[in-house]
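Colleague: Need a 3D model of the sequence below.
(chains A and B)
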Amino acid sequence: DGGITQSPKYLFRKEGQNVTLSCEQNLNHDAMYWYRQDPGQGLRLIYYSQIVNDFQKGDIAEGYSVSREKKESFPLTVTSAQKNPTAFYLCASSKEAHGYTFGSGTRLTVV
Amino acid sequence: QKEVEQDPGPLSVPEGAIVSLNCTYSNSAFQYFMWYRQYSRKGPELLMYTYSSGNKEDGRFTAQVDKSSKYISLFIRDSQPSDSATYLCAMSGSGGSNYKLTFGKGTLLTVNP
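Modeller: Sure thing, here's the model as predicted:
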């Protein structure tokens, strides 16, 4: 079945540590996106990529980094520069303006 | 003014009620309008998709778009406890980076048996 796989489902980060969230899709979609979701804040765009080897900052890119070396993969690194990383992270992909397909999310907690 | 405004609720209704969820927006370039349903601790799933103005019906769900008023609605008939979720409206323009969706903050709906 086609879809988006995010891993891990739960992730714990220590202060000062970088962590990487995985996102893989087998939908042959060109565009991929990373969102952060906090209670009462809705979905906020971190980074997006419309083509391999190219990506753009979203509204809250500070403290995050991404890469897009393959069409299927769009990993997100939460760096130590992100001061408040505890949140629910959602990856999505799309082919055209027909809406996104979302992954099941990664819940990141700072310990 | 935010690009997309959505009443966060929460909204609580009895089983069988008709539910109306709404969003307003300010960007006249938006052409594509979507509703997503998100269960707790899950990713959002696409529920309804509409291009430009008009109505679209799918089972118990009806989506309406009024571009002249910059207003979209989702109606749920004969609501069920399984409809309890957060509903997110989303919209985008056409072409290139305009495929990037702008989301409302979501409305939390509870349908009580």
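Colleague: can you list the residues of chain A near chain B?
Modeller: Neighbours of chain B within chain A, by Cβ under 8 Å from any Cβ of the partner chain: A:4, A:6, A:31, A:33, A:40-43, A:45, A:48, A:50, A:56, A:88, A:90, A:92, A:94, A:96-105, A:107. In short, each C-beta sits where N, CA and C put it, glycine included.
Colleague: out of the residues you listed, which are buried?
Modeller: A:4, A:6, A:31, A:33, A:42-43, A:45, A:48, A:50, A:88, A:90, A:92, A:94, A:97, A:99-103, A:105 (16 or more other Cβ atoms under 10 Å in any protein chain shown).
Colleague: Of the residues you listed, which belong to strands?
Modeller: Using DSSP state E, A:4, A:6, A:31, A:33, A:42-43, A:45, A:48, A:50, A:88, A:90, A:92, A:94, A:101-102 are the members of those that sit in strands.
Colleague: of all these, which two lie farthest apart?
Modeller: The largest separation in those, counting by Cβ to Cβ, is between A:Gln50 and A:Phe88 at 24.0 Å.
Colleague: Model confidence for residue 110, exactly?
Modeller: Unless you meant another one, I'm taking chain A. Here, the pLDDT recorded for A:Val110 equals 88.
Colleague: actually chain B
Modeller: Here, the pLDDT recorded for B:Thr110 equals 97.
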